[in-house]
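> Whatever this is, show me its structure:
(one chain, ligands or ions: 1)
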Amino acid sequence: MIRSVVRGNGAALPRRIMKNADFEGMVETSDEWIVQRTGIRQRHVAADDETTASLGEAAARAALDSAGLTPADIDLIVLATSTPNNTFPATAVEIQNRLGMHHGFAFDMQAVCSGFVYAVATADLYIRGGLAKRVLVIGSETFSRILDWSDRSTCVLFGDGAGAVVLEAAKGAGNIADRGVLAASLRSDGVHKEKLFVDGGPSTTGTVGHLKMEGREVFKHAVGMITDVIEATFAEAGITAEDLDWFVPHQANKRIIDASAKKLGIAEEKVVVTVDLHGNTSAASVPLALSVAVADGRIKKGDLVLLEAMGGGFTWGAVLLRW
Ligand code: ACO
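Numbers count the residues shown, from 1 in each chain. Purely as a prediction, here's the structure:
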């Protein structure tokens with residue numbers, strides 16, 4: 001059977017780092033509160049010349065370099081983002097143009113923090129369905145543009161950045177020893193919209209709007225939703241937590257990551273945590289975490305890796321793959 005195998009990956013971060021202490025004086029908060037409640041110590045914030053398209057392009061180029069490929073080798077770009085450069089066209093098409101790519105096709109995917117997990121699952125179906133052979137899957141966000149910088153309950157939580165992988169069609173035996181995407185489970189439920197949303201949009205206010213979140217409500221649902229979808233993925237693949245080499249969760253809050261890993265029985269040393277470095281970068285968080293764990297030598301070819309995310313909508317999902 002055809003498998004979608006990771007051939008390369010990359011990341012890009014804005015130049016400016018904002019430490020927790022930099023918020024003191026802007027809003028009533030402290031480094032101690034932010035670290036204790038979230039695990040976040042710093043985040044990158046985009047300058048005017050750094051956009052979702054420019055960060056996405058840089059991450060894509062890094063992923064292509066690591067794969068030993070050029071844009072000519074790619075036939076589809078899927079960009080997960082909730083902070084596009086324009087309402088339309090899709091920022092994926094802008095990245096396609098920035099890469100000098102005038103063949104193939106590109107589109108955006110909107111599932112907020114679950115965007116990258118949705119995009120990997122989608123790209124896998126395009127590859128297995130025969131519509132594409134090599135896909136650039138990118139998560140790129142500039143959440144700093146949709147934050148209310150006077151709201152301490154949200155502005156300290158998010159950051160900007162981008163990450164990407166190149167998925168390539170390869171023959172597999174059809175079992176769990178194959179490299180590539182092995183199983184996926186996606187969910188959404190719009191009943192939760194008011195708990196995490198942006199209060200603007202082209203069809204309602206005609207404005208971009210600001211992020212609104214009932215943090216405690218999101219927290220309450222997060223662990224249960226995450227573990228449900230991961231257990232479904234384990235069942236589909238016929239594995240248990242013990243078979244995993246690495247757990248790469250969405251990086252929103254260290255307490256959510258710890259509680260999910262504990263409930264699933266995933267050992268602490270198998271959990272990749274980068275929320276301290278990047279904050280919550282929404283659809284970029286999982287590929288950014290992947291880039292850190294690949295660069296420092298933790299994730300290696302042949303490792304069994306579980307990706308997971310949960311975000312606005314609510315949306316949530318998991319992807320199991322062998323690196
Ligand atoms: N500094 C200091 N105090 C603060 C801050 C701050 N930055 N923000 C809020 N507080 C205060 C609150 O006002 C509240 O004060 P009060 O008790 O006087 O009312 C107190 O701290 C406690 O607030 P809680 O909201 O109960 O704090 P909690 O422990 O729940 O932590 C947090 C808040 C970090 C937001 C947490 O709820 C959380 O992480 N939620 C989940 C967020 C998430 O996972 N999102 C994922 C999806 S993101 C996406 O899809 C875009």
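
> and the stretch 1-150 of the chain, which of its residues are near the ligand?
29, 33-34, 37-38, 112-113 (C-beta under 6 Å from any ligand atom). Every C-beta, even on glycine, is put in place using the N, C-alpha and C of the backbone.

> Please apply the same query to the stretch 151-300 of the chain.
152-153, 156, 196, 215-216, 218-219, 222, 252-253, 256, 280, 282.

> Drop anything exposed from those.
152, 156, 196, 215, 218-219, 222, 252-253, 256, 280, 282 (16 or more other C-beta atoms under 10 Å).

> Next, the contact list for the closest residue to D31 other than its chain neighbours, please.
Distances taken as C-beta to C-beta, 6 or more residues apart in numbering place N20 nearest to D31, at 4.0 Å, with adjacent residues excluded. With contacts defined as C-beta atoms under 8 Å, 6 or more residues apart in numbering, N20 is in contact with 29-31, 34-35, 40-42, 156.

> ranking those by neighbours, who comes first?
In terms of neighbours by other C-beta atoms under 10 Å, those top out with V156 at 26 neighbours.

> And the host helix or strand of N97, what's buried?
Using DSSP states H and E, N97 maps to helix 91-98. By neighbour count on 16+ other C-beta under 10 Å, the buried set for helix 91-98 is 91-96, 98.

> want to try CSV for these, with pLDDT as columns?
Formatted as CSV, the buried residues of helix 91-98 follow (pLDDT from 0 to 100):
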residue, pLDDT
T91, 99
A92, 99
V93, 99
E94, 98
I95, 99
Q96, 99
R98, 98
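
> any idea which of those is closest to the ligand?
The ligand lies nearest to T91 out of the buried residues of helix 91-98, by C-beta to the nearest ligand atom, at 17.2 Å.

> re the thing from before, weed out the non-buried ones from the residues of the stretch 1-150 of the chain next to the ligand.
Judged by 16+ other C-beta under 10 Å, buried ones among these: 29, 34, 37-38, 112-113.

> Tell me which residues touch G200, please.
By C-beta under 8 Å, 6+ apart, the contact list for G200 reads 206-210.

> backbone phi and psi for the nearest residue to D243 once chain neighbours are set aside, please?
Nearest residue to D243, sequence neighbours excluded (C-beta to C-beta, 6+ apart): L304, at 6.0 Å. Torsion angles at L304 (phi, psi; degrees, to the nearest 10) stand at phi -90, psi 120.

> before we move on, back to that, could you dump the contacts of N20 into a markdown table and include secondary structure and pLDDT?
Listed next are the contacts of N20 as a markdown table, based on DSSP: H, G, I helix; E, B strand; the rest coil; pLDDT from 0 to 100:
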| residue | secondary structure | pLDDT |
| --- | --- | --- |
| T29 | coil | 97 |
| S30 | coil | 97 |
| D31 | helix | 98 |
| I34 | helix | 98 |
| V35 | helix | 98 |
| I40 | coil | 98 |
| R41 | coil | 98 |
| Q42 | strand | 98 |
| V156 | coil | 98 |
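
> Distance to F143 added to those, as JSON lines?
Output for the contacts of N20, formatted as JSON lines (distance: C-beta to C-beta, whole Å):
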{"residue": "T29", "distance to F143": "17"}
{"residue": "S30", "distance to F143": "22"}
{"residue": "D31", "distance to F143": "20"}
{"residue": "I34", "distance to F143": "16"}
{"residue": "V35", "distance to F143": "20"}
{"residue": "I40", "distance to F143": "13"}
{"residue": "R41", "distance to F143": "17"}
{"residue": "Q42", "distance to F143": "15"}
{"residue": "V156", "distance to F143": "12"}
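
> just those residues now: which is nearest the ligand?
Checking the contacts of N20 against the ligand by C-beta to the nearest ligand atom gives T29 as the nearest, at 3.2 Å.
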